[in-house]
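[1] I would like the atomic coordinates for the input below:
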Amino acid sequence: MPVQTYLETALDKAYENKSLSEILAASPAALAGVSEKDAELLKQAFGIASIKDMATNKFFLTAQALANLAAVKK
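    From the prediction side, this is the model:
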C-alpha cells in the first residue's frame, strides 16, 4: 500500500496533504476516528495535545512494548 493511500485512511481529509511536521503537531483529532471530544479527554487524562505527544507518551509506549512482547511469545 502506498504511503499516500495509507494516510488517506489514517488521517482526516484536511490533513492528508500536510507535511509530516504539521501532522505531528496536530491534535490527535486529526487521526481518522478520533473526535475532538476524544482529543480533549486525552489532553485531560494524559497531557496529550498533539499526535507526537500521543506517539511518545510513556503509557502508550509501555502498552505497545507489552503487546509486542506477547506477540513474540506466541
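
[2] which residues of this structure fall in helices?
    Using DSSP state H, the helices of the chain run over 3-10, 20-25, 36-46, 51-56, 58-73.

[3] ok, and what's touching the longest one?
    If I follow you right, that is helix 58-73. Applying CB atoms under 8 Å, 6 or more residues apart in numbering, the contact partners of helix 58-73 are 46, 54. Glycine gets a C-beta too; all of them are placed from N, C-alpha and C.

[4] So what's the gap between it and the chain middle?
    Put simply, helix 58-73 sits 16 Å off its chain's centre (CA atoms, centre = their mean, to the nearest Å).

[5] what pLDDT, on average, does it get?
    Mean pLDDT, helix 58-73: 95.

[6] do the first one as well
    Mean per-residue pLDDT for helix 3-10: 71.

[7] got the contact list for the residue lying closest to Ile48 once chain neighbours are set aside?
    With CB to CB, 6 or more residues apart in numbering as the criterion, Ile48 has its nearest non-adjacent residue at 4.2 Å, and that residue is Leu42. Shown in contact with Leu42 (CB under 8 Å, 6+ apart): 28, 48, 54.

[8] Would you quantify the distance from the residue most central in space within the chain to Ala14?
    In the chain, the centroid-proximal residue (CA atoms, centre = their mean) is Ile51; its distance is 4.9 Å. According to CB to CB, to the nearest Å, Ile51 and Ala14 sit 13 Å apart.

[9] Would you mind checking the contacts of Leu42 for buried ones?
    28, 48, 54 (16 or more other CB atoms under 10 Å).

[10] thought the second one was touching Thr56?
    No: the pair Ile48 and Thr56 does not pass the contact test of CB atoms under 8 Å, sitting 9.4 Å apart.

[11] pLDDT score assigned to Lys13?
    pLDDT at Lys13 comes out at 89.

[12] what about it, distance to Glu40?
    Counting by CB to CB - Lys13 and Glu40 are separated by 21 Å.

[13] Between these two, tell me which one has more neighbours.
    More crowded of Lys13 and Glu40, by other CB atoms under 10 Å: Glu40, with 14 against 8.
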